[in-house]
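S.K.: here is a sequence with its predicted model. Questions after.
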Amino acid sequence: MSAPTATPVSFGRRAGRALGDDRMRAAIARGTGLMVQRRHEAIAELRNADELRDAASVIRAAALQRLPELLERWSDNLGALGGHVHWASDADEANAIVAGIVARRGAKVIAKGKSMVSEEIHLNDVLERAGADVVETDLGEFIQQLAGEPPSHIVAPAMHKDRFEVADLLSADRGAPVSPEITAEAAYARRRLRQAFLDAGVGITGVNFAVAATGSICLVENEGNGRMCSSLPPTHIALMGLERIVADFDELDVMLNLLARSATGQALTTYTNIITGPRRPGEVDGPEELHVVVLDGGRSAVVGTRFSPALHCIRCGACLNVCPVYRQVGGHTYDSVYSGPIGAVLTPLLKPTDPAARELAEASSLCGACTEICPVRIPLHDLLLQLRHRDARADASRLRRAGFWLWSQAWSRRWSFGAMVLGARVVLPLLRRLRWLPDIGWLGAWRQGRELP
Amino acid sequence: MSACTPRDEFLGRLRTGAAGGTGPIAPPTPRARFVRARTGPDGFMAAWRALGGTAERVPTDELRGAVAAFAAGRDGPLLAAAGLDVDADLRWPDCGSQAAAGAAVGVVRAVAAAAQTGTALLRADDNRGRAASLLPPACVLVIDAGTIVDTLGDYLRGTGDLPSQLVAVTGPSRSADIESTLVIGVHGPGDVHAILTG
Ligand code: SF4
């Protein structure tokens, strides 16, 4: 049986490192705490939140059962209006499609709004290698681009940074000091990015929902950068996972009533863009070309299996905000585009052959807070458990599972950090002395990476 | 050029994978019900103000004056979407993007509004363009009080044809990306003024 050191830097080791980063942990604790509170207040404004969540769950399940039919109808409708739909089996195909459009249009500057799919396929690297200047325009993504880091939260990409770290990054970009006040930082980003919108030959965005009945794509955002990216450049490319479809506006309405409330605690985001084809004759502005790239990327292998509810996710981030593991270690510890409970479920499903991805299914205390808060009622902790069982049968050693059990218990709501310290100080040495636990592997690494109080 | 998978092949994978066999499903689509329902012009204005916008209601023949009063004393030209009957220094799209980006105020007519959430609906066709309501730091949204519905869902269900872009604007541009602290006016207009007429 292979030792649990199969991955170069294990989750446990990364978690150990994160636990030593007090500044990051303070930022995450603050950010997630505020988001949970705002979500709670916004859901409380609904008289029938439970009914809507039940309906949303059924709508998502029904959409997955009818995927071929809905996607076909949606793409027929969008195609009839002059939109181009591209089908990408994997990241390489998706990147090649986007790079091909960028090259054909001769775009030098690309203004990019938030898109998790673009992170999933590492699109920026591909476009930059081809010589394009790719500018992330969402404030949080812009900060992350300057930092050279991926987003650490699906809704608030720079949640782990405080205003002083942001000021340092912006000052370096400007070549002159930017004051560490949040309004000054946002104002700098506004000035700095404005010209990119006007110069961009291509705008790239994500897609929150595609509407089969009308051929529309719906894009929600707060800053206005999504509107800019989809309105000002002569070409708009939108990226979506194949599961992001609803049948009609009735279903979209249910989703919109839950998405922003669950994500940021708003009734609706500031801008709900419903885009139905490129600019029409008689319209005075808007892109000449609209391309939508639909990514499979491992999803079709999940559809119809017992893990299929993982594809119901609407990317609200609520499960991250309540997760005791995420709140302690932050998003980067997951070393995956998708972090938190949904990341722990989705990553191993989309990357079934990657041992590091499979390890993420262990990154949960199974406390159930994620399942409780999920607006579309994905049984997240149950799916995590099923993934562990699947992997346990495949290759995980008993010892490793016992270790993770101890570890996850220490994370749980009932146990405290003190229990983990006790475990590290007392139980682990005891186990080692009894030769039940080798002094290598992720537990040892975790312990070594951590100053015990 | 395109290296994409043919649609039939792509969807075919889903046909074999889908749980399938259950036939068409008609999922329930309940409407949201609210603890505090907001309706009509007063409801809209209350919701809009709660988001950080400003609002006033004027007789239709006083629109010009109301727009001029809002724009008075601002540092930069007033931009209006083509076809809107107000006094303006610049007309979109004739003035071009760079000039529009230098305007202090943009004025557009919303096709409708939703009271519950304080949402103004802008269409790429009827509003005569997308940029006039997006580039300047301040935006005036002119709304006919008779077009106010309860919710965005009500508007969407009632609209037949769609323009290339329909955007539902719910308050000023905002972000909470730094320390989860709200800032107003990040890329879109931070100063949004609704003028209800009629
Ligand atoms: S799994 Fe549920 S709670 Fe988590 S991001 Fe997706 S929709 Fe939100």
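M.R.: The structure has been received and is ready for your questions.
S.K.: what is the burial count for residue A:100?
M.R.: 17 (other Cβ atoms under 10 Å in any protein chain shown). Using the backbone N, CA and C atoms, a C-beta is placed for each residue, glycine as well.
S.K.: ugh, typo on my part, it should be residue B:16
M.R.: For residue B:16, using other Cβ under 10 Å, the count is 11.
S.K.: is chain A contacted by the helix or strand hosting it?
M.R.: Following DSSP states H and E, one finds residue B:16 within helix B:7-17. Yes - judged by Cβ under 8 Å from any Cβ of the partner chain, helix B:7-17 and chain A are in contact via B:7, B:9, B:10, B:11, B:12, B:13, B:14, B:15, B:17.
S.K.: in that helix, which residues are buried?
M.R.: Using 16 or more other Cβ atoms under 10 Å in any protein chain shown as the test for burial, helix B:7-17 gives B:7, B:10, B:11, B:13, B:14, B:17.
S.K.: residue ranges with poor pLDDT in chain B?
M.R.: Applying pLDDT under 70 to chain B flags residues B:1-3, B:17-27.
S.K.: for the residue nearest to the spatial centre of chain B, what are its contacts?
M.R.: With distances taken as Cα atoms, centre = their mean, chain B has residue B:169 as the residue nearest its mean C-alpha position (3.0 Å). Going by Cβ atoms under 8 Å, 6 or more residues apart in numbering or on different chains, residue B:169 touches A:270, A:271, B:110, B:119, B:120, B:121, B:122, B:133, B:141, B:192.
S.K.: among those, which are located in strands?
M.R.: Secondary structure from DSSP state E places A:271, B:119, B:120, B:121, B:122, B:141, B:192 of the contacts of residue B:169 in strands.
S.K.: make a markdown table from those residues and add neighbour count to it.
M.R.: Output for those, formatted as a markdown table (neighbours: other Cβ atoms under 10 Å in any protein chain shown):
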| residue | neighbour count |
| --- | --- |
| A:271 | 25 |
| B:119 | 28 |
| B:120 | 28 |
| B:121 | 25 |
| B:122 | 27 |
| B:141 | 25 |
| B:192 | 27 |
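S.K.: which one of the residues you listed sits closest to the ligand?
M.R.: residue A:271 (20.1 Å; Cβ to the nearest ligand atom).
S.K.: what's the burial count for residue 71?
M.R.: Chain wasn't specified; assuming chain A. 24.
S.K.: please go with chain B instead
M.R.: For residue B:71, using other Cβ under 10 Å, the count is 24.
S.K.: just checking, it touches residue B:105?
M.R.: Yes - between residue B:71 and residue B:105 there is a contact under Cβ atoms under 8 Å: 4.8 Å.
S.K.: what sits in contact with each of the two?
M.R.: By Cβ under 8 Å, 6+ apart, the residues touching both residue B:71 and residue B:105 are B:78, B:140.
S.K.: which strand residues bridge the residue nearest to the centre of chain B?
M.R.: Beta-bridge partners for residue B:169, by DSSP bridges, are residue A:271, residue B:120.
S.K.: roughly how far apart are residue A:36 and residue A:73?
M.R.: 38 Å (Cβ to Cβ, to the nearest Å).
S.K.: in chain A, which helix or strand is least confident?
M.R.: helix A:441-448 (a mean of 39; mean pLDDT, DSSP states H and E).
S.K.: how deep is the closest residue to chain B within chain A tucked in, by neighbour count?
M.R.: Closest to chain B within chain A is residue A:224: 2.5 Å, counting by Cβ to the nearest Cβ. As a burial measure, residue A:224 scores 30 neighbours (other Cβ under 10 Å).
S.K.: same check, this time on residue A:193
M.R.: 21.
S.K.: about what we covered before: quick check: the farthest pair among the buried residues of helix B:7-17?
M.R.: Maximum pairwise distance among the buried residues of helix B:7-17 (Cβ to Cβ): 15.8 Å, between B:7 and B:17.
S.K.: who are the contact partners of residue B:41?
M.R.: Per Cβ under 8 Å, 6+ apart, neighbours of residue B:41: B:57, B:115, B:145, B:148, B:196.
S.K.: just checking, the third one touches residue B:194?
M.R.: Spelled out, it's residue B:145. No - contact criterion Cβ under 8 Å: residue B:145 and residue B:194 do not qualify, at 10.5 Å.
S.K.: tell me which of those two has more neighbours.
M.R.: Using other Cβ under 10 Å as the criterion, residue B:145 and residue B:194 rank with residue B:194 on top: 25 against 16.
S.K.: quick one on the thing from earlier: how about the residue of chain A closest to chain B, nearest residue that isn't a chain neighbour?
M.R.: residue B:188 (2.5 Å; Cβ to Cβ, 6 or more residues apart in numbering or on different chains).
S.K.: excluding chain neighbours, give the residue nearest to residue 179 in space.
M.R.: I'll assume chain A. residue A:167 (6.7 Å).
S.K.: correction: the question concerned chain B.
M.R.: With Cβ to Cβ, 6+ apart, the residue lying closest to residue B:179 is residue A:163, at 5.5 Å.
S.K.: what's the burial count for the one you found?
M.R.: What residue A:163 shows, counting by other Cβ under 10 Å, is a neighbour count of 17.
S.K.: shouldn't it be in contact with residue A:183?
M.R.: No - assessed by Cβ under 8 Å, residue A:163 is found out of contact with residue A:183, at 10.3 Å.
S.K.: which parts of the stretch 201-350 of chain A are strands?
M.R.: For the stretch 201-350 of chain A, applying DSSP state E, counting those that start in this stretch gives strands covering A:202-205, A:209-211, A:216-221, A:235-241, A:245-246, A:271-275, A:289-295.
S.K.: now the fourth one against strand A:216-221, angle please.
M.R.: With axes from the mean of the first three to the mean of the last three Cα atoms, to 10 degrees applied, the angle from strand A:235-241 to strand A:216-221 works out at 90 degrees.
S.K.: quick revisit: with distance to residue A:64 added, can I get the buried residues of helix B:7-17 in JSON lines?
M.R.: Output for the buried residues of helix B:7-17, formatted as JSON lines (distance: Cβ to Cβ, whole Å):
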{"residue": "B:7", "distance to residue A:64": "18"}
{"residue": "B:10", "distance to residue A:64": "15"}
{"residue": "B:11", "distance to residue A:64": "13"}
{"residue": "B:13", "distance to residue A:64": "13"}
{"residue": "B:14", "distance to residue A:64": "9"}
{"residue": "B:17", "distance to residue A:64": "10"}
